[in-house]
Structure formats: structure tokens, C-alpha cells
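Q: pasting the structure only:
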């Protein structure tokens, strides 16, 4: 304990030798390798996301109204392409695809957004 009090005084400029030591916080960093998970790939469902359309409405983007399609995320399939403006809804999130952007569903079910070229 004496070594701790010396180190504490050296680092912080004071030490209370009458008090016992208490561990308040421990930080650790580890590294290692783990096997890559085997994620299942989805079957390609074609480029049309029509089966996932919920509604069409006008939505304001940057002060301008755009006709916007709303999609159910759970019904989108791998390979589907969505042209913004669009809104993709799901139980835990809502994703806005801006005008001049596109989205596509990859083979793992991720929604990838990119500016239109």
C-alpha cells in the first residue's frame, strides 16, 4: 500500500496515508482472433421493390415537396433498388433516402445508400 500512496502523491500531488486503497475503475484492452461468422445470404429477389410499397405521399426535403414512396423494410428483398426520395420504415428505425440518392438491399439484407451518379 505504501507504493500506491507514493505513486498517487507523485501523480496527483497529494496522498492520504490514513485512508485505505479502493479500486474504483479498471480498464482493460484485449485483442485476439475469432472465427469469421458464417452469415446466411439471402436469395436475390429482383430489382423491383414493388411488393414492399406501403404508401405514396408528398414529403418535404430541403424546403421542397417531392412525391415519395414509403416502403416496409421487412418486405424488401436482396437485389431491390430504391430511388429517392423514399422512406423505409421498420420496427426500430426509419430511413430517409434523399432525392438524387439510391438504396439497394445487398445479399445480407443491408440497406446500402449511395448518391445517384
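A: Right, received. Where do you want to start? Since we're looking at a predicted model, the values are computed, not measured.
Q: residues near residue 116, how many?
A: 10 (other CB atoms under 10 Å). The C-beta positions use only the backbone N, C-alpha and C, and glycine is treated the same way.
Q: where's the nearest residue to residue 54 once chain neighbours are set aside relative to residue 56, distance?
A: Nearest residue to residue 54, sequence neighbours excluded (CB to CB, 6 or more residues apart in numbering): residue 70, at 4.7 Å. Distance of residue 70 to residue 56, computed by CB to CB, to the nearest Å: 7 Å.
Q: For the residue nearest to residue 54, list the residues it contacts.
A: 53, 54, 55, 56, 57, 86, 87, 88, 89 (CB atoms under 8 Å, 6 or more residues apart in numbering).
Q: Residue 9 contacts residue 16, doesn't it?
A: No. Taking contacts as CB atoms under 8 Å, residue 9 lies outside contact range of residue 16: 9.5 Å.
Q: Great, nothing more from me.
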